[in-house]
Structures are given as structure tokens and as C-alpha cells.
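Undergrad: need a 3D model of the sequence below.
(chains A and B)
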Amino acid sequence: DTGVSQDPRHKITKRGQNVTFRCDPISEHNRLYWYRQTLGQGPEFLTYFQNEAQLEKSRLLSDRFSAERPKGSFSTLEIQRTEQGDSAMYLCASSLEGGEQFFGPGTRLTVL
Amino acid sequence: GESVGLHLPTLSVQEGDNSIINCAYSNSASDYFIWYKQESGKGPQFIIDIRSNMDKRQGQRVTVLLNKTVKHLSLQIAATQPGDSAVYFCAEMEYGNKLVFGAGTILRVKS
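TA: Purely as a prediction, here's the structure:
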């Protein structure tokens, strides 16, 4: 257990539905990252926050995706109008600035 | 659990042997590299890191070698144990501390 938690661990949804995932980072970490991992691939960067500010978003993050970190602690990742291609493991990581990234266990999303 | 790595290269080793996992990276400007281990159903776990001003770094049972000339990293695991079975990823850190992961290698340890 790295100290980073994610909820839910598994989510099955129907195409077109909205889903929201939560990440609770290690409490003193000011940076929080979201990655997506599909079968047979390494994780791919989606976005990251420093405190409550979202500093960078990947081109992978379409306008159906939105992430927030309202108080600089936990973060949510919402996917609107889910598509089958959104099926993946969504990983959260946290770090101190310039430090090692600690990953959570991930949320496995299956879109039917 | 998650079946990560359906199409990844696989390295099979006998328990007690040494393992060498290789990785090529793409960005010659990268100056920080990390090896991660990922077990089924879990997130990546930090193993060892190395900065570009070094060519070798040792940890407990693990050694990372960096060859900047050919943009190549390797992870050596000494006396491989069944608990080392996992998918191993190298990653390079880009601006903003975001990680760019390589394709991964499955390590299977035979008892």
C-alpha cells in the first residue's frame, strides 16, 4: 500500500453514461497526476495538478474528460458520455514537487 | 486481477538466476529515468531511479545501467525470486514531472 487510494476499484457502465473517479493522494504531496493504462501498454499521462491548479493536460484528454482538485487534496476525474474506447485502468499518482511518484491501485473502467 | 501485458515481451528465468530487462527511451533530452514494477491488479511500484549524470546505480538486489549514447536502460535483478514476477516498465521524466513509460516486459520466475 503506497498511501494513495482510489475509488471505486472497478466500474462497469453502459456507453453514454457519465462516470466519476476519486483519488486521495498522500496527504503532504502537492502534486497529483492522472494516467490511463490499456491492456498491454504502459501508463499514459493525462493531466496533473500542483495543489489545486491544473497545470497540464494531455491531448489524450478529450473534452469529455474533466479533472478537478478543488482544495488541493483529493481529485476527481469525470468522463462524460462514455465510449467503449474509454475502457482502461485509470491510475492516480502523487508526489512532492520533483519527488518520486507513488501510484494508487487504479480504477478499472469497463464500458459496455 | 488485471492481465497487463498480453502483447509484451516475456523474460522467463529460473529462480536464483540473474535477470536483465532492457528498455530503449526516445528523448535524448531526458535527464531522469525510473524503473517500475507492476503486479497484476496493482499500480506501478518504484524500484530504482537514475539521473543522466550517472551510468550505473545500485540498490538492494537491483542495478540500473544507463547508456545515453544509444538511449538504452537496463535493469538487472540479482538472485531472482518468485516474488519478482511482474511487468517491468522503464519511464523517463519530462517537463512537469510527467512520466513517459516504455512498453514493458513480463518477467516470469520459474521455481
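Undergrad: could you pull up the residues touching the residue nearest the centre of chain B?
TA: In chain B, the residue lying closest to the centroid (C-alpha atoms, centre = their mean) is B:W35, at 3.9 Å. Contact analysis of B:W35 by C-beta atoms under 8 Å, 6 or more residues apart in numbering or on different chains lists B:21, B:46-49, B:62, B:64, B:73, B:75, B:88-91. For the C-beta atoms, the positions are set from N, CA and C on the backbone; glycine is no exception.
Undergrad: 7 Å instead, please
TA: By C-beta atoms under 7 Å, 6 or more residues apart in numbering or on different chains, the residues touching B:W35 are B:I47, B:I48, B:V64, B:L75, B:Y88, B:C90.
Undergrad: can you pull out the strands in chain B?
TA: Taking DSSP state E, the strands of chain B run over residues B:10-14, B:19-24, B:32-38, B:45-51, B:56-58, B:62-67, B:72-77, B:86-93, B:99-101, B:105-110.
Undergrad: can you list those strands in a markdown table and add mean pLDDT?
TA: Formatted as a markdown table, these follow (pLDDT from 0 to 100):
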| stretch | mean pLDDT |
| --- | --- |
| strand B:10-14 | 96 |
| strand B:19-24 | 95 |
| strand B:32-38 | 96 |
| strand B:45-51 | 95 |
| strand B:56-58 | 98 |
| strand B:62-67 | 97 |
| strand B:72-77 | 97 |
| strand B:86-93 | 95 |
| strand B:99-101 | 93 |
| strand B:105-110 | 96 |
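Undergrad: from chain B, how far off is the nearest residue to A:S94 once chain neighbours are set aside?
TA: Take A:S94 and drop its neighbours on the chain: the residue closest to it by C-beta to C-beta, 6 or more residues apart in numbering or on different chains is A:P25, 3.2 Å away. Here A:P25 is placed at a distance of 12 Å from chain B (C-beta to the nearest C-beta, to the nearest Å).
Undergrad: hang on, isn't A:R15 packed against A:E83?
TA: Yes. Between A:R15 and A:E83 there is a contact under C-beta atoms under 7 Å: 6.2 Å.
Undergrad: hmm, back to that, top of the contacts of B:W35 by number of neighbours, please.
TA: In terms of neighbours by other C-beta atoms under 10 Å in any protein chain shown, the contacts of B:W35 top out with B:C90 at 27 neighbours.
Undergrad: return the residues in contact with that residue.
TA: Counting by C-beta under 7 Å, 6+ apart, B:C90 has contacts B:C23, B:Y25, B:F33, B:W35, B:L73, B:G102.
Undergrad: if anything else comes up later, I'll come back, but that's it for now.
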